[in-house]
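K.L.:
Quick one: sequence and predicted model below, then my questions.
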Amino acid sequence: MSQDTLFDKVWDLHKVSSLPGGSDQILIGLHLIHEVTSPQAFGALKDKNLKVKFPDRTVATVDHIVPTDNQSRPFKDNLAEQMIETLEKNCLEHKIRFFNIGSGNQGIVHVVAPELGLTQPGMTIACGDSHTSTHGAFGSIAFGIGTSQVRDVLATQTIAMNKLKVRQIWCENQLSNGVYAKDLVLHIINKLGVKAGVGFAYEFSGPAINALSMEERMTICNMSIEGGARCGYINPDEKTFSYIKNKLYAPKNEHWEKALTWWKSLKSDEDSIYDDVIKIDTSKIEPTVTWGITPGQSIGINQQIPLLDELSPNDKLVAEEAYEYMSFIPGQSIKDIPVEVCFIGSCTNGRISDLRIAAKILKDKKVSKNVKAFVVPGSEKVANEAKQEGLDQIFKDAGFQWREPGCSMCLAMNSDKLIGNQVSASSSNRNFKGRQGSPTGRTLLMSPAMVAAAAITGKVSDVREFIS
Amino acid sequence: MKSEFTPPIGKISQITGKCISLIGNDIDTDRIIPARFLKCVNFDLLGKSVFEDDRKTLKGRHPFDLEENQDSSILIVNSNFGCGSSREHAPQALIRWGIRAIIGESFAEIFYSNCIAIGIPCFTLPKKSIQNIQKYNISKSLLLEIDLKNSSAKSIDLNFNLEIKESTKNMFLSGEWDATGTLLEKSSLVERKFKELPYLKFS
């Protein structure tokens, strides 16, 4: 059993009691909600005649269902309008802070909380969304929960949960030029598998992680869940502290020094004990692209789609399903596969640094005539910052559609969807069957830089050929 | 699919029902219930849309469409079932279709805890055993009686043990799988602990 890791320290701090069944009652320091997984939880509160215990510790925004072309109210989609109205009503009734469209702070919940300084080291953070693991980038313990647990957090500020084991993923050396956090996390998921993380929290550490910016670290932790780990985290350091400093909800004045002292005490001790340790050499990683129907089915840009014989017995069943669904031939190169849609956005890669990298590649270039390309900033803040830097114009000049913030085609709950069996180059996190809105649509996951390169050529391309 | 839905309440110690086998690893929650069905403010209508896209693709040959499976309540699955999105809509759709227990090689974590939270016990068995049960079930009907207390299952000609975490088993036997009540009991302790959180003093 792990000892003295950040996970152990934060868990122990938040443990209220051992429950009779054997799980722990864990206090949730920050609860984030959105329109999709909260209405039934508020409904259950009403049915049980319960109140929100600590309304100050829940923060809401709207992201999944928002249209990205025209956000004027009422939304054209009646169901989407009903969902946002329900959230507005619930937040008003229970006195919950709500960052609505036009507030300047709306956006994807996992983009918004960090940029407002709500996400801080040492917290437990829960949200009815599996990508809550994102917040672990700050040294918090953050995980996705279902609607019944959203109800429990609202009513009690706690949930019942079994303590996770801790696996350290030690990332040696440095990523090479043109290789990004997205490539690293896709590589890790491929090496460990999509279910290796079940029962574990992943601690990402080592020189390659230390070198990443906070936004890149968020990309890594965001996709922990795609490797099966409900929670992924990175020990906080100077980069973490300077990212938080001066944010809207960051500790101020004399509180800042106190916070800093406490945050510094949280990192895993030198001699802490892990349940498992894995080492990854990051210097050999190439720009990585998925070819199948799980985020674990990825290869380097210069590799071929694996033959059935090259796969382990456990991977064969889903590989056969993937060949059929994707209509790709085993042994085929991933490079040069034509793409029809290019999507830059999502809680994985919809932040300002992602937009900057993509814009740099797209500057003075044109999107291929066969490609529909669009960029969806992760939040209103990201959109405003991008506009100030003129990035929106670079995207538009290249032929990208510049959209309003939201989750958009990561899960296609709004009108942004693939059509038929279109192939999409996407900076999002899931390539599941039907994920991007068409039951036969095909998603290739890659870094935003790789999406930009694919948009220019109209096919899967090596972004390193576009950067000096 | 059952026409009326009564949610489970209280202690769960026995589940008897027909098995339905669904073959495939890494079946994610987007497949169990595609995102477009999440546009709702309650779970009431989800049952009929379970596996909607997979079912359309298979044009009536999907296990959830086969006549002989219509009154089934124990789902037999393979590895990493329920991976991906945390949407509780997935088990809510399954339970409204009629599923009351799941036996699989392994489950994704959030899906597993969502199942507990709504009263669906999930059991595990080694890969080979699952494959054998699925093989048997595909050729003939399998009426299974699950005894949670002894973690065992039997039918007319099968008799085997099931694996389930001790903590989870206890929650079903005591009725504490519906956690809200238990969590509320510690209200004063929660308040004390809450006040001690260092970061609440910083902001």
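P.N.:
Structure's in. What do you need?
K.L.:
Distance-wise, check A:Asp364 relative to A:Arg464.
P.N.:
18 Å (Cβ to Cβ, to the nearest Å). C-betas here are computed from N, CA, C, even on glycine.
K.L.:
Which one of those two is surrounded by more residues?
P.N.:
A:Arg464 (17 against 7; other Cβ atoms under 10 Å in any protein chain shown).
K.L.:
tell me the secondary structure for the closest residue to the more buried one other than its chain neighbours?
P.N.:
In space, and not counting its chain neighbours, A:Arg464 is closest to A:Gly178: 3.8 Å by Cβ to Cβ, 6 or more residues apart in numbering or on different chains. The three-state label given to A:Gly178 by DSSP: H, G, I helix; E, B strand; the rest coil is coil.
K.L.:
what's the neighbour count on A:Gly178?
P.N.:
Using other Cβ under 10 Å, A:Gly178 has 19 neighbouring residues.
K.L.:
do the same with B:Glu4
P.N.:
Neighbour count of B:Glu4, defined by other Cβ under 10 Å: 5.
K.L.:
The longest helix seen in chain A vs chain B: in contact?
P.N.:
When chain A is parsed with DSSP state H, its longest helix is helix A:78-94. Yes. Counting by Cβ under 8 Å from any Cβ of the partner chain, chain B has neighbours in helix A:78-94: A:79-80, A:82-83, A:86.
K.L.:
Quick one: residues contacting B:Thr182.
P.N.:
Contacts for B:Thr182 (Cβ atoms under 8 Å, 6 or more residues apart in numbering or on different chains) come out as A:19-20, A:25, A:160, B:176.
K.L.:
Could you export those to a markdown table, including columns for distance to A:Ser242 and pLDDT?
P.N.:
Formatted as a markdown table, those follow (distance: Cβ to Cβ, whole Å; pLDDT from 0 to 100):
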| residue | distance to A:Ser242 | pLDDT |
| --- | --- | --- |
| A:Leu19 | 39 | 89 |
| A:Pro20 | 45 | 80 |
| A:Gln25 | 35 | 97 |
| A:Ala160 | 36 | 94 |
| B:Glu176 | 45 | 88 |
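K.L.:
Now distance to B:Gly24 and neighbour count too, for those, in a markdown table please.
P.N.:
Converted to a markdown table, those look like this (distance: Cβ to Cβ, whole Å; neighbours: other Cβ atoms under 10 Å in any protein chain shown):
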| residue | distance to B:Gly24 | neighbour count |
| --- | --- | --- |
| A:Leu19 | 34 | 21 |
| A:Pro20 | 36 | 12 |
| A:Gln25 | 36 | 24 |
| A:Ala160 | 30 | 26 |
| B:Glu176 | 32 | 21 |
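K.L.:
buried stuff in the biggest strand by length in chain B?
P.N.:
In chain B, with assignment by DSSP state E, the single longest strand is strand B:14-21. For strand B:14-21, the neighbour count (16 or more other Cβ atoms under 10 Å in any protein chain shown) marks B:15, B:17-21 as buried.
K.L.:
Quickly name whichever of these is closest to A:Asp416.
P.N.:
B:Ile20 (34.5 Å; Cβ to Cβ).
K.L.:
Can you tell me who the closest one pairs with across the strands?
P.N.:
For B:Ile20, the beta-bridge partners under DSSP bridges are B:Leu75.
K.L.:
Backbone dihedrals for A:Gly227, please?
P.N.:
phi -100, psi 10 (degrees, to the nearest 10).
K.L.:
Check what pLDDT it gets.
P.N.:
The pLDDT attached to A:Gly227 in the predicted structure is 98.
K.L.:
burial count for it?
P.N.:
Neighbours around A:Gly227, by other Cβ under 10 Å: 28.
K.L.:
ok, it - contacts?
P.N.:
So A:Gly227 contacts A:188-189, A:192-194, A:196-197, A:202, A:295-296 (Cβ under 8 Å, 6+ apart).
K.L.:
that older thread, wait, the residue nearest to A:Arg464 touches A:Val463, no?
P.N.:
Yes. Assessed by Cβ atoms under 8 Å, A:Gly178 is found in contact with A:Val463 at 5.3 Å.
K.L.:
re the thing from before, which of the contacts of A:Gly227 are buried? Put it as a PyMOL command.
P.N.:
Selecting only the buried entries of the contacts of A:Gly227 in PyMOL, with 16+ other Cβ under 10 Å as the criterion:
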select buried, chain A and resi 188+189+192+193+194+196+197+202+295+296
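K.L.:
so which of the contacts of A:Gly227 also contact chain B?
P.N.:
Counting by Cβ under 8 Å from any Cβ, A:Val194 from those sit close to chain B.
K.L.:
As a markdown table, the contacts of B:Thr182 with secondary structure and distance to A:Asn100 would be great.
P.N.:
Shown next, in a markdown table, are the contacts of B:Thr182 (DSSP: H, G, I helix; E, B strand; the rest coil; distance: Cβ to Cβ, whole Å):
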| residue | secondary structure | distance to A:Asn100 |
| --- | --- | --- |
| A:Leu19 | coil | 37 |
| A:Pro20 | coil | 41 |
| A:Gln25 | strand | 33 |
| A:Ala160 | strand | 32 |
| B:Glu176 | coil | 37 |
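K.L.:
Can you name the two of those that sit furthest apart?
P.N.:
Farthest pair in the contacts of B:Thr182 (Cβ to Cβ) is A:Gln25 and B:Glu176. Separation: 11.4 Å.
K.L.:
between these two, what contacts are shared?
P.N.:
Contact criterion Cβ under 8 Å, 6+ apart; residues shared by A:Gln25 and B:Glu176: A:19, B:182.
K.L.:
can you give me the end-to-end distance of stretch B:42-55?
P.N.:
Stretch B:42-55 has an end-to-end distance of 23 Å (Cα to Cα, to the nearest Å).
K.L.:
ugh, wrong one, I meant stretch A:374-381
P.N.:
Stretch A:374-381 end-to-end distance (Cα to Cα) = 18 Å.
K.L.:
can you tell if it touches chain B?
P.N.:
No. Using Cβ under 8 Å from any Cβ, stretch A:374-381 never reaches chain B; the gap is at least 15.6 Å.
K.L.:
Now do that stretch: everything it contacts.
P.N.:
Here stretch A:374-381 makes contact (Cβ under 8 Å, 6+ apart) with A:68, A:101-108, A:111-112, A:115, A:342-347, A:350-351, A:355, A:358, A:383, A:386, A:395, A:400-406, A:408-409, A:416.
K.L.:
In helices, which of these fall?
P.N.:
A:111-112, A:115, A:346-347, A:355, A:358, A:383, A:386, A:395.
K.L.:
ok, of these, which one's closest to chain B?
P.N.:
Closest approach between the ones in helices among the contacts of stretch A:374-381 and chain B, by Cβ to the nearest Cβ: A:Cys347, at 12.1 Å.
K.L.:
Look up how far A:Ile125 lies from the residue nearest to the closest one when sequence neighbours are not counted.
P.N.:
Nearest non-adjacent residue to A:Cys347, counting by Cβ to Cβ, 6+ apart: A:His110, 4.0 Å away. To A:Ile125, A:His110 is 10 Å away according to Cβ to Cβ.
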